[in-house]
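K.L.:
okay, here's the prediction I keep looking at, along with the sequence it came from:
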Amino acid sequence: MGAHRIRCVVVGGLSENVHGTRLVWGVVSDLDLTRAIAAGQDTTAGHVAGTEPLTASPFDSLEDVAHVMADHDVAHLVVVDPKVAEPLGMISTLDLARAFAGAA
């Protein structure tokens, strides 16, 4: 993440339950990694990742995305394909700042 100047990534893995195997995913931020390192944890991205991340549709307005981020006090939302419920990418507060600065 540091080498590519990325502050947050989506991680995924397979989980088995009584209904079969499914893909589960979560989000790891630079702050999550910092907390794990500071606590001396020897762990994986999957263990650090927060599950049930907040999401946005690729069709949501930037204003709606900004409201969700503000209401939940988060800096990133996962953009999810509504047809297959899989992540397409991330949108961050920095992305919003760039978009609104360009619109001014």
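P.N.:
All right, it came through fine.

K.L.:
so where do the helices sit in the chain?
P.N.:
Per DSSP state H, the chain carries helices over the ranges 30-38, 45-48, 62-72, 93-103.

K.L.:
could you tell me the least trusted of those helices?
P.N.:
Lowest mean pLDDT of the helices of the chain: helix 45-48, a mean of 81.

K.L.:
gap between that helix and the chain center?
P.N.:
Centroid separation for helix 45-48 versus its chain: 13 Å, with Cα atoms, centre = their mean, to the nearest Å.

K.L.:
give the other helices and strands that it contacts.
P.N.:
strand 8-17, strand 20-29, helix 30-38 (3 or more Cβ pairs under 8 Å, 6 or more residues apart in numbering; DSSP states H and E). Where you see a C-beta, it was placed from the backbone N, CA and C, and this is true even at glycine.

K.L.:
one more pass at 7 Å, please.
P.N.:
With contacts taken as 3 or more Cβ pairs under 7 Å, 6 or more residues apart in numbering; DSSP states H and E, helix 45-48 sits against strand 8-17, helix 30-38.

K.L.:
in JSON lines, list the ones you listed along with mean neighbour count and distance to residue 89.
P.N.:
Formatted as JSON lines, those follow (neighbours: other Cβ atoms under 10 Å; distance: least, Cβ to Cβ, whole Å):
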{"stretch": "strand 8-17", "mean neighbour count": "14", "distance to residue 89": "8"}
{"stretch": "helix 30-38", "mean neighbour count": "13", "distance to residue 89": "17"}
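
K.L.:
out of these, flag the one nearest residue 59.
P.N.:
strand 8-17 (19.1 Å; Cβ to Cβ).

K.L.:
domains for this protein, by residue range?
P.N.:
1-53, 54-104 (automatic domain parsing).

K.L.:
quick one: the longest one to chain centroid distance?
P.N.:
This points to domain 1-53. With Cα atoms, centre = their mean, you get 9 Å for domain 1-53.

K.L.:
who's in contact with the closest residue to residue 7 other than its chain neighbours?
P.N.:
Closest residue to residue 7 apart from its sequence neighbours, by Cβ to Cβ, 6 or more residues apart in numbering: residue 30 at 4.8 Å. Applying Cβ atoms under 7 Å, 6 or more residues apart in numbering to residue 30 gives the contacts 1, 7-8.
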